[in-house]
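> 3D model of this:
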Amino acid sequence: MANAEKIYSIFEPHTDLIKRGKVRTPIEFGHKVFLAESAQGLITQYEVLEGNPSDEIHVTPSLKRHRKAFGRAPELYGADRGFFSEKNLQSCERRGVNVVSIPQRGGKKAPEREAHEKSAPFKQGQRFRAGIEGRISVLSRGRGMKRCLAEGIERFELWVAAAVLANNLMVIAALLTKRSRRRRANK
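From the prediction side, this is the model:
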């Protein structure tokens, strides 16, 4: 029987089995959520995923959504090694991403790849990606996305949307406060 046909919760039948490959928690239950973040900390894309899809399938669609929303490619595409594939690297380059910071997954690295991953722009991209991990933590702990008490997948998706909205409102408020303080200091 395929995992998609199994029920993991009698209370929430839409719950998915998520294999993340982590040592302490190799299997989790819930839903994977795809997030994209701007340099200012705004979540520009989010999607509650069905099942346990591979991360690498999200690069090209996320680039298309970014272009549709902002009219251009992102300056930086930073992700973890789960998003790595030669096809994804080429997709980023074809679409005009200046810095592609996706570490190679597995295997021996070619000398050019090794040098690229040691470059300052690549490392800066990985620091940005680490910030996204922090944003996920903020969403979970500070914006209410840790545990959804509403029933059903539709309400779960609304729960995630509310956490993203709360995050973006808090970030916008912080940016406006910072700008206001700078203006007052310059007077």
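
> work out for me the element the most centrally placed residue in the chain sits within.
Taking C-alpha atoms, centre = their mean, the centroid of the chain lies closest to residue 35, which sits 3.2 Å from it. Using DSSP states H and E, residue 35 falls within strand 33-37.

> can you tell me which helix or strand residue 137 belongs to?
helix 120-141.

> by contact count, what packs against whichever helix or strand comes after that helix?
Next helix or strand after helix 120-141 toward the C-terminus (DSSP H and E): helix 153-186. With contacts taken as 3 or more C-beta pairs under 8 Å, 6 or more residues apart in numbering; DSSP states H and E, helix 153-186 sits against strand 43-48, helix 120-141. Yep, even glycine has a C-beta here, placed from its N, CA and C like the rest.

> just put the ones you listed in TSV and tack on mean neighbour count, distance to residue 97 and mean pLDDT.
Output for those, formatted as TSV (neighbours: other C-beta atoms under 10 Å; distance: least, C-beta to C-beta, whole Å; pLDDT from 0 to 100):
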stretch	mean neighbour count	distance to residue 97	mean pLDDT
strand 43-48	18	14	91
helix 120-141	14	10	83
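
> so for the strand holding residue 35, mean pLDDT?
Throughout strand 33-37, pLDDT has a mean value of 87.

> tally of neighbours for residue 68?
8 (other C-beta atoms under 10 Å).

> measure it to residue 62 for me?
Distance of residue 68 to residue 62, computed by C-beta to C-beta, to the nearest Å: 11 Å.

> got it, and residue 158?
22 Å.

> who has more neighbours, the two?
Using other C-beta under 10 Å as the criterion, residue 158 and residue 62 rank with residue 62 on top: 19 against 14.

> find the nearest non-adjacent residue to the more buried one, please.
If the residues on either side of it in the chain are set aside, residue 62 comes closest to residue 36, at 5.6 Å by C-beta to C-beta, 6 or more residues apart in numbering.

> sorry, back to before: nearest to residue 169, out of the helices and strands packed on helix 153-186?
The minimum distance between residue 169 and the helices and strands packed on helix 153-186 falls on strand 43-48, with 11.0 Å, by C-beta to C-beta.
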